[in-house]
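Chemist: Let me see the structure of the following:
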Amino acid sequence: MRRLIEIATERRVTIVMFTVAIALFGLVSLSRLNLNLLPDISYPTLTVRTELTGAAPMEVENLLTKPIEEAVGVIRNVRLVRSVSRAGQSDVTLEFAWGTDMDIAGVEVREKLDVLFLPLEATRPLLLRFDPSSEPIMRLGLLYDEETALEGAGAEAQLKALRRLAEDRIKNELEAEEGTAAVKVSGGLEDEIQIQVDQRKLSQLRLSVNDIADRIRAENVNLSGGRLEEDDQRFLVRTLNEFQDVEEFGDAIVAYVAERPVYLRDVASVTQGYKEREAITRVNGRESVELSIYKEGDANTVQVANRLHRRISQLRETLPDTIDLEEIYDQSKFIAGAVDDVRNAAVVGGIIAIIVLFGFLRDARATTIVGIAIPVSVIGTFLLMYLNDVSLNIMSLGGIALAVGMLVDNSIVVLENIVRK
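Modeler: Numbers count the residues shown, from 1 in each chain. Here you go, the predicted model:
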């Protein structure tokens, strides 16, 4: 320790250069830190979801929930097992001890589930994990303006058009941005070909619904037929026989009765409708199509959002005047606001601490030393954060803000010891 003090007092230029280097590297590291709302938190919980269509809650509990609980309850570090049995669905939640490696825990749970015998009608169990970073960073609403919005059949046509526009164009444009992982579309009306079978006609022809379904599935195919090689050329062969419109569905032959073809239009009505709606999205009281944008795991939320803002501005210029693309939610604004608040609190707290310190010490030189030690120490922390892959978030900034007070206390103690000697 004495040797370190001698070096610090005798080689002042070296110490100054070392301090400047820490400040420079810290500023460079600050510009490269990821800016997120919260740090990467791995919650020690896993949910095993299994579905059994048409089963009552009691059957789900006996056939799915209890066997899964008994199988996964013996895994290491499991503290609590909770389950919910609903009609057609079983959810078994495992709570592990903090500090458990959830990747290894997931593998162990999957191994237990693979050797478990469940009803053949049940789906393969899914492992679900809660991750706050998996929430969308931005939500957009695509809708017609108030003057163009219609009601009744006109509204259905508009919602179909909005859904097609969102899936075929806007989704692809946004997913092309750097740092964007996926864009999920919800709301609106999704196109669907609906076939309403006449049971009486089928009975007369001695046909079943399964016969019709199998025949339509066989007619609507897009299969690989292998490849042909000739000299130095290679040709890929595919069987393309997909329906292109509603009329082609109706012209499909589903059976032969008395050596006469039976067309689908003879035993069923084919119409172009929409899928059963699972969600309705409204913006300012008007129905819309929602686009949820997810970022890549290691991407900077604020930077990705800034790039998306520029792309959205370009998209608005190309959309028809009657269609609006509005921002419903933007996580980057909340992150920037929260981080700015914590950062401002740390700066203001440091300034007030220096002013109070000068009021008590009445020594400009000692106060200047403390005033320089605070920002240099904080900036040097950014270098350590970058080297240890720690993001800039409200938790890490809050810790730095608390550390400012500790720096003041430590600086005062060091100064008092120097004055005494």
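Chemist: Skip the chain neighbours and tell me the closest residue to Arg206.
Modeler: Val257 (7.9 Å; C-beta to C-beta, 6 or more residues apart in numbering). Just so you know, the C-beta spots here come from the backbone N, C-alpha and C atoms, and that holds for glycine as well.
Chemist: repeat for Val60
Modeler: Ser85 (4.5 Å).
Chemist: on that earlier part again, what's opposite the residue nearest to Arg206 in the beta bridge?
Modeler: Arg260 (DSSP bridges).
Chemist: per-residue pLDDT, it?
Modeler: Here, the pLDDT recorded for Val257 equals 80.
Chemist: List the buried residues in stretch 280-293.
Modeler: The neighbour-count check on stretch 280-293 (16 or more other C-beta atoms under 10 Å) flags 281, 283, 287-293 as buried.
Chemist: hang on, isn't Ser396 packed against Pro39?
Modeler: Yes. With contact defined as C-beta atoms under 8 Å, Ser396 counts as touching Pro39 (6.8 Å).
Chemist: Give me the common contacts of the two.
Modeler: Val390 (C-beta atoms under 8 Å, 6 or more residues apart in numbering).
Chemist: Which one's more surrounded, these two?
Modeler: Ser396 (20 against 14; other C-beta atoms under 10 Å).
Chemist: ok, and the closest non-adjacent residue to that one?
Modeler: Val390 (6.0 Å).
Chemist: Contacts only, for that neighbour.
Modeler: Neighbours of Val390 in contact, by C-beta under 8 Å, 6+ apart: 33, 39, 384, 396.
Chemist: list the contacts for the last one?
Modeler: Contacts of Ser396 were listed using C-beta under 8 Å, 6+ apart, and they are 39, 385, 390.
Chemist: helices or strands up against the longest helix belonging to the chain?
Modeler: Ranked by residue count and defined by DSSP state H, the top helix of the chain is helix 331-361. Using 3 or more C-beta pairs under 8 Å, 6 or more residues apart in numbering; DSSP states H and E as the contact test, the elements touching helix 331-361 are helix 301-318, helix 364-387, helix 394-420.
Chemist: Repeat the analysis, applying 10 Å as the threshold.
Modeler: strand 138-144, strand 286-295, helix 301-318, helix 364-387, helix 394-420 (3 or more C-beta pairs under 10 Å, 6 or more residues apart in numbering; DSSP states H and E).
Chemist: Using TSV, lay out those together with distance to Ser29.
Modeler: Output for the helices and strands packed on helix 331-361, formatted as TSV (distance: least, C-beta to C-beta, whole Å):
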stretch	distance to Ser29
strand 138-144	27
strand 286-295	22
helix 301-318	16
helix 364-387	4
helix 394-420	13
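Chemist: Domain boundaries for this protein, per the record?
Modeler: Per automatic domain parsing, the domain ranges recorded for the chain read 2-38+334-420, 45-130, 192-274.
Chemist: Dump those domains to TSV, plus distance to Leu325.
Modeler: Listed next are the domains of the chain as TSV, based on distance: least, C-beta to C-beta, whole Å:
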stretch	distance to Leu325
domain 2-38+334-420	21
domain 45-130	30
domain 192-274	22
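Chemist: Out of these, which is closest to Glu175?
Modeler: Checking those against Glu175 by C-beta to C-beta gives domain 2-38+334-420 as the closest, at 20.8 Å.
Chemist: for the record, mean pLDDT for the closest one?
Modeler: The model assigns domain 2-38+334-420 a mean pLDDT of 79.
Chemist: Check the offset of that domain from the chain's centre.
Modeler: Relative to its chain's centre, domain 2-38+334-420 lies at 35 Å (C-alpha atoms, centre = their mean, to the nearest Å).
Chemist: picking that back up, go through the buried residues of stretch 280-293 and say which is closest to Leu165.
Modeler: When the buried residues of stretch 280-293 are compared against Leu165 (criterion: C-beta to C-beta), the nearest one is Val289, at 7.9 Å.
Chemist: Show the contacting residues for that closest one.
Modeler: 140-143, 159, 161-167, 170, 185-190, 281, 283, 325 (C-beta atoms under 10 Å, 6 or more residues apart in numbering).
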